[in-house]
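Student: sharing a sequence plus its predicted fold:
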Amino acid sequence: HDALPISKYGAGISLNDCDGATVRRCLVRNGQNGVLLTRCTKSFVYDNDFSFNSGWGIALYRTTHSQVSHNRCDFCVRGYSHGVYYRGQDSAGILAFEQCSHNVFVRNSATHSGDGFFLYAGHETTQRTGKGGCNHNRVFGNDFRFAVANGIEATFSEGNVFEQNDCSGADHGIWAGYSYDSEFRFNRIHDCMTAGISVEH
């Protein structure tokens, strides 16, 4: 279980076009990203430690019907210097980017990151066809405390459920601009700098 040495930017683990892959009990630290899943389906990522990376701990791109659970992705942040500079620069413990739908994110820890959880519909939705989005995901029981920017960011997407997450101590606990049919249930959000939940437009 030794940490993977990363000498170049990228990721400790990168999976492309995989169906039914499992990533378990891996340790990737002090690089740019922990694990990248690109166009994967029905995959499982659990019991891993992808903390202390400068980009993302776990990143999904066009990945669907997958489960991400019981991982540690703490302190995945760039652009932050305590007391000097306070920006997340789109780093995140967990990223779901462009047409990542019908996934489950449950009982992960992603504290002290740029965003705890960053879900973004992507350029296909916002700049090209207006369709797609990262839709119908369930984000349940995660620890997203002390994010530099947002405990949860979920924009331009439909039908996502956020339940029993802790988003305390962030700038915004939850930022869900341009999203719709979202559900927020029993989340814990306090001591945020700007707002608990912001859903604009």
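Tutor: Received the coordinates, thanks.

Student: next helix or strand past the helix or strand of the chain with the lowest mean pLDDT?
Tutor: Lowest on mean pLDDT, DSSP states H and E among the helices and strands of the chain sits strand 85-86, with a mean of 56. Next along the chain after strand 85-86, taking DSSP states H and E as the criterion, comes strand 92-97.

Student: mind giving me the packing neighbours of the very next helix or strand once past that following strand?
Tutor: Counting by DSSP H and E, the element after strand 92-97 in chain order, helix or strand, is strand 104-106. Judged by 3 or more CB pairs under 8 Å, 6 or more residues apart in numbering; DSSP states H and E, the packing partners of strand 104-106 are strand 67-69, strand 138-140. Quick note: C-beta positions are derived from backbone N, CA and C, even for glycine.

Student: redo these as CSV? Include distance to Gly57 and mean neighbour count.
Tutor: Listed next are these as CSV, based on distance: least, CB to CB, whole Å; neighbours: other CB atoms under 10 Å:
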stretch, distance to Gly57, mean neighbour count
strand 67-69, 10, 21
strand 138-140, 15, 20
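
Student: how about these in CSV, adding distance to Val35 and mean pLDDT?
Tutor: As requested, these are arranged in CSV below (distance: least, CB to CB, whole Å; pLDDT from 0 to 100):
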stretch, distance to Val35, mean pLDDT
strand 67-69, 10, 98
strand 138-140, 18, 98
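
Student: Throw the ones you listed into JSON lines and include distance to Gly196, thanks.
Tutor: Shown next, in JSON lines, are the helices and strands packed on strand 104-106 (distance: least, CB to CB, whole Å):
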{"stretch": "strand 67-69", "distance to Gly196": "24"}
{"stretch": "strand 138-140", "distance to Gly196": "16"}
